[in-house]
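In: What follows is a predicted protein model with its sequence.
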Amino acid sequence: MSIVYIVSAPSGSGKSTLVNELFKMVRNLDFSISYTTRPPRGSEQNGKEYFFVSRPEFEGMIASGEFLEYAEVFGNYYGTARRFLREAENRSNDLLLDIDVQGASKIKEKIPEAVSIFILPPDREKLEWRLRTRGLDSEDVIRRRLDTARREIENYSKYDYVLVNNVLEQSADQLRDIVLAVRLQRSGAEISGDDKRRVEAAQACRLEQAREWVQPILASFNLQMVKGT
């Protein structure tokens, strides 16, 4: 049975870069490329970052039941095709889904054992700087993305693991440790040596361990800590 990993983050948090680094370090892991009706940005290529399809084509896929989940965001559809999970299972690989908070909730409903990971920016100021320096969006879109980021971050407590993408190499190692630690734990094998240290590193990112270092990030977005986390 394939392990499904869900990775979510506000736009501009560096999620795509982290996921790319993860795939350099972890084997037997497939990536689900989302379908979208939005046009490509910058150097994006069809079949690499997304499958870019027309709205009628996407709606035809909805009608055919081809999506595990889909949602409309900023006037465009985004969806995760069922076929990626089937293909991963056929190869005895695990599957990583790069999806938003709304999609993550739907996947969790259908696959409760899926492992969810939320990536936070260091603070609001750094997120805004990243959005501006990548030069992809207008001022109105940047403001809208910051507002959306605030709403998405409010949902961090619904995830199993939380990490802060501050230093890329460190964050990539944390993401790798989470993925491999879950594999180790679900395999039922005895854990010792380097594997034990990896599991301990992953445990440090568990939601219940996040209170101390999540609080200042939430405060930068004028958000309060959720009770019980």
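Out: Noted; the coordinates are in hand.
In: max-length helix in the protein?
Out: Counting residues, the longest helix found in the chain (DSSP state H) is helix 168-187.
In: Show me the shaky parts of the chain.
Out: Applying pLDDT under 70 to the chain picks out residues 225-229.
In: the helices in it, which residues?
Out: Counting by DSSP H, the helices of the chain are 15-25, 55-63, 83-90, 101-110, 124-133, 139-153, 168-187, 193-203, 211-220.
In: Redo these as CSV? Include mean neighbour count and distance to Arg41.
Out: Any C-beta I mention is one placed from the backbone N, CA and C, and that applies to glycine too. Output for these, formatted as CSV (neighbours: other C-beta atoms under 10 Å; distance: least, C-beta to C-beta, whole Å):
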stretch, mean neighbour count, distance to Arg41
helix 15-25, 16, 12
helix 55-63, 13, 18
helix 83-90, 15, 22
helix 101-110, 18, 19
helix 124-133, 17, 13
helix 139-153, 16, 11
helix 168-187, 18, 21
helix 193-203, 14, 33
helix 211-220, 15, 26
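In: Those: which one's closest to Val73?
Out: helix 101-110 (7.4 Å; C-beta to C-beta).
In: Give me the contact list for that closest one.
Out: Outside helix 101-110, the residues that touch it by C-beta atoms under 8 Å, 6 or more residues apart in numbering are 4, 6, 8, 68-71, 73, 78, 80, 97, 99, 114, 116, 152, 155, 158-159.
In: ok, back up a step: and the helices of the chain: which comes nearest Glu44?
Out: Of all the helices of the chain, helix 15-25 comes closest under C-beta to C-beta, at 10.4 Å.
In: what packs against that closest one?
Out: In terms of contacts (3 or more C-beta pairs under 8 Å, 6 or more residues apart in numbering; DSSP states H and E), helix 15-25 is packed against strand 4-8, strand 29-32, strand 94-98, helix 168-187.
In: For Asn28, grab the count of nearby residues.
Out: 11 (other C-beta atoms under 10 Å).
In: quick one on the thing from earlier: redo the helices and strands packed on helix 15-25 as TSV? Include distance to Phe84.
Out: Formatted as TSV, those follow (distance: least, C-beta to C-beta, whole Å):
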stretch	distance to Phe84
strand 4-8	10
strand 29-32	4
strand 94-98	6
helix 168-187	17
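In: And those: which comes nearest Glu57?
Out: strand 29-32 (18.1 Å).
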